[in-house]
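Peer 1: Here is a sequence with its predicted model. Questions after.
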Amino acid sequence: MGRTKEVIIVFGANHWASDIEAVVRDTPGLPVHGVLAEQIWNDEGGRLGLVVETTQHDEASRRATTQRIRARVVAELGITPDTIEFVRRGGIARTSSGKALRRPPPSDTRMARSGA
């Protein structure tokens, strides 16, 4: 995965990456420190991938967080994230101004991926 532009195309519809990231980041009670929305392409077209910074390490907590994120994104934006990948806090590379870089974090920060 790797975001190369600010618009994410999901089944032909355009969605601003920053809007998707805000929905996830602003979900009450989630232990999320940073979010990066990324474009995924497959044979069926455009899909949404998320990279989420968290301090959660156990599988049960990550599963519960995955369910809450998916439910919130569907409720707010009408799209379902295809993948949600968890990284350690600080695992999303940032610019000097704090904006998430449009490239994936280093592979050693990856913790777990939760697919559809």
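Peer 2: Yep, that arrived. Computed from a predicted structure; not experimentally measured.

Peer 1: how much space is there between the nearest residue to Arg25 once chain neighbours are set aside and Gly45?
Peer 2: Nearest residue to Arg25 in three dimensions, chain neighbours excluded: Val35, at 5.1 Å (CB to CB, 6 or more residues apart in numbering). (C-beta placed from N, C-alpha, C; glycine too.) Going from Val35 to Gly45 by CB to CB, to the nearest Å gives 23 Å.

Peer 1: For this structure, give me the ranges with low pLDDT.
Peer 2: For the chain, the stretches with pLDDT under 70 are 1-5, 102-116.

Peer 1: Could I get the full set of strands for it?
Peer 2: Along the chain, the segments classed as strands by DSSP state E run 7-10, 13-16, 32-42, 45-54, 83-87, 110-114.

Peer 1: and those as a markdown table, adding distance to Val24 and mean neighbour count?
Peer 2: Rendered in a markdown table, the data for the strands of the chain read as follows (distance: least, CB to CB, whole Å; neighbours: other CB atoms under 10 Å):
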| stretch | distance to Val24 | mean neighbour count |
| --- | --- | --- |
| strand 7-10 | 13 | 18 |
| strand 13-16 | 12 | 14 |
| strand 32-42 | 4 | 20 |
| strand 45-54 | 6 | 22 |
| strand 83-87 | 9 | 22 |
| strand 110-114 | 13 | 16 |
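
Peer 1: a markdown table for these, including distance to Lys99?
Peer 2: Below are the strands of the chain laid out as a markdown table (distance: least, CB to CB, whole Å):
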| stretch | distance to Lys99 |
| --- | --- |
| strand 7-10 | 16 |
| strand 13-16 | 14 |
| strand 32-42 | 10 |
| strand 45-54 | 14 |
| strand 83-87 | 17 |
| strand 110-114 | 21 |
